[in-house]
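Chemist: My questions are about this predicted structure, shown below with the sequence.
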Amino acid sequence: MLSIMIVTQKTVLPSYYESASKEYIKRLKRYCTLSLQSFYDSISLENLLSGYYTIQVSTKGRLKDSVEFSEHLQALSLGGSSKIAFLLDIPFDSEDSLRLSSLSLSSDLSFVCMLEQLYRAFRIWNHEPYHK
């Protein structure tokens, strides 16, 4: 099973994003092992990311549609990357980059969108319908 880590600068989400994030986290348990980490200093970040394939998520990243993102996750997994870390607006020399939207998103909304994109990618990967 793929191990996914999402690294953010925030520890607490506003209540209006909390329920959406909890729902996606619950749904993702079926597809991957998910961990959420808060970032405070670069020294601990390097230790935290040891052994992970890192993907920088920012406005400067590469925009991918849902199918491309799903195929990218699949290719990483099949290529031997069983641990993938997504860094949301955290400066780090990552192996890859991703942009969630052509719009500028708040860090809170980016977190929820990242969870949603992961869920959508796993549904596509497993040939399951995304919408109920």
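Modeler: Cool, the structure landed.
Chemist: Could you pull up the mean pLDDT of the one helix or strand L98 maps to?
Modeler: Secondary-structure assignment from DSSP states H and E places L98 in strand 96-98. Strand 96-98 comes out with an average pLDDT of 96.
Chemist: before we move on, what about stretch 68-83?
Modeler: For stretch 68-83, the mean confidence score works out to 96.
Chemist: Identify the residues contacting it?
Modeler: Residues outside stretch 68-83 that contact it (Cβ atoms under 8 Å, 6 or more residues apart in numbering) are 2-3, 5, 51-53, 64, 84, 98, 117-118, 120-122, 124-125. Using the backbone N, CA and C atoms, a C-beta is placed for each residue, glycine as well.
Chemist: and the helix or strand bottoming out on mean pLDDT in the chain, how far out from the chain's middle?
Modeler: Across the helices and strands of the chain, mean confidence by mean pLDDT, DSSP states H and E is lowest for helix 42-48: a mean of 78. The offset between the C-alpha centroid of helix 42-48 and the centroid of the whole chain comes to 18 Å, using Cα atoms, centre = their mean, to the nearest Å.
Chemist: Could you do stretch 57-72 as well?
Modeler: On the basis of Cα atoms, centre = their mean, stretch 57-72 is displaced by 10 Å from the centre of the chain it belongs to.
Chemist: What residues of that stretch count as buried?
Modeler: Buried residues in stretch 57-72, counting neighbours by 16 or more other Cβ atoms under 10 Å, are found at V57, S58, K64, F69, S70, H72.
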